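Undergrad: Have a look; sequence and predicted model below, questions after that.
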Amino acid sequence: MVPTRRALLGLSLALPAAAQGLTEAQRAEVLALLRRALAEDPSILRDALAAMDSADQAAAAETQRRAIRAQADALLRDAADPVRGNAAGAITIVEFFDARCGYCRAMHQTLEEMLRRNRDVRLVLKDMPILGPNSVLASRALLAAQRQGKYLQLHDALMRLREEVSEAVLRREAERLGLEWPRLRREMDDPAIARRLEANLGLARALDIQGTPALVIGDSIIPGAMELAQLEAAIAAMR
């Protein structure tokens, strides 16, 4: 009996695992059959690769879902995390960002518009300084500003910057916002702030987040900047 195209596709996917239990003669027979089939219909290989890619994506998505569930407390319910939007919102989104990341700055505007249009969203901010020493400096300043009740104001200022973050720039922006600079600069070096940043970076590693911005929405992690329509579609799916 001549195998059907579907049977050949399944065989091509199963061959690596199945080959362990075949004799040399059986392996040769199967390979000859596949070679003849591919010569007659090369699309079998394309479809086999597409099926493998789909299976890999499904497995990666499930791994991601398990990681989010395992890290839910640190991700969604850390009382120390700054929050934009509705602090009691029914829908929580988590953003991992770097204050010097150009894509994060672009995403900031999209997130602000999203919060304006969606009053039931709680946006948790996770500082993830990965772009060098000045990124760490900015994140330390933000967490120190939180102690003076002005994290969100400084965050907004840094996201709107069109210049490099430096200590001089941080001082200028902090003083413009009414922050006490000597206290802020002193508390930036508090080991507790360093531990918070390390915890954020550890959480990102646990979730396999490798860049900024990254949004956690429901049981999915969306890397990179996105359009408002995409963001609102993801929120609608959560509802």
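TA: That came in fine, so what should we check first?

Undergrad: By mean pLDDT, which helix or strand of the chain comes out lowest?
TA: Within the chain, no helix or strand scores below helix 5-18, which has a mean of 51 by mean pLDDT, DSSP states H and E.

Undergrad: how far is the next helix-or-strand element following that helix from where the chain is centred?
TA: Per DSSP states H and E, the first helix or strand lying C-terminal to helix 5-18 is helix 24-40. When distances are taken as C-alpha atoms, centre = their mean, to the nearest Å, helix 24-40 is centred 43 Å away from the chain's centroid.

Undergrad: What are the buried residues along helix 24-40?
TA: Within helix 24-40, the residues that count as buried by 16 or more other C-beta atoms under 10 Å are 30, 34, 37. In this view, the C-beta of every residue, glycine as well, is placed from N, C-alpha and C.

Undergrad: do stretch 82-98 as well
TA: Applying 16+ other C-beta under 10 Å to stretch 82-98 flags 82-86, 89, 91-98 as buried.

Undergrad: Equivalent analysis for stretch 93-113, please.
TA: Neighbour-count burial for stretch 93-113 [16+ other C-beta under 10 Å]: 93-101, 103-105, 107-108, 110-111.

Undergrad: contact partners of stretch 82-92?
TA: 76, 111, 115, 118-125, 142, 146, 151-152, 155, 235, 238-239 (C-beta atoms under 8 Å, 6 or more residues apart in numbering).

Undergrad: Span of it from start to end?
TA: For stretch 82-92, the first-to-last residue distance is 13 Å (C-alpha to C-alpha, to the nearest Å).

Undergrad: what does stretch 202-216 give?
TA: Terminal-residue distance, stretch 202-216 (C-alpha to C-alpha): 15 Å.

Undergrad: buried stuff in stretch 139-147?
TA: 139-146.

Undergrad: Just put the buried residues of helix 24-40 in JSON lines and tack on distance to Gln64.
TA: Formatted as JSON lines, these follow (distance: C-beta to C-beta, whole Å):
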{"residue": "Val30", "distance to Gln64": "35"}
{"residue": "Leu34", "distance to Gln64": "33"}
{"residue": "Ala37", "distance to Gln64": "35"}
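
Undergrad: Identify the bridge partners of the residue positioned nearest the centre of the chain.
TA: The centroid of the chain falls nearest to Ala214 when counting by C-alpha atoms, centre = their mean (3.2 Å). Beta-bridge pairing of Ala214, defined through DSSP bridges, involves Phe96, Pro223.

Undergrad: hey, where'd the helices end up in this structure?
TA: 5-18, 24-40, 43-70, 72-76, 102-117, 133-146, 151-159, 167-176, 181-187, 191-206, 228-238 (DSSP state H).

Undergrad: any idea how far the closest residue to Ile209 other than its chain neighbours is from Ile222?
TA: Once flanking residues are discounted, Ile209 sits nearest to Phe96: 5.6 Å by C-beta to C-beta, 6 or more residues apart in numbering. Going from Phe96 to Ile222 by C-beta to C-beta, to the nearest Å gives 11 Å.
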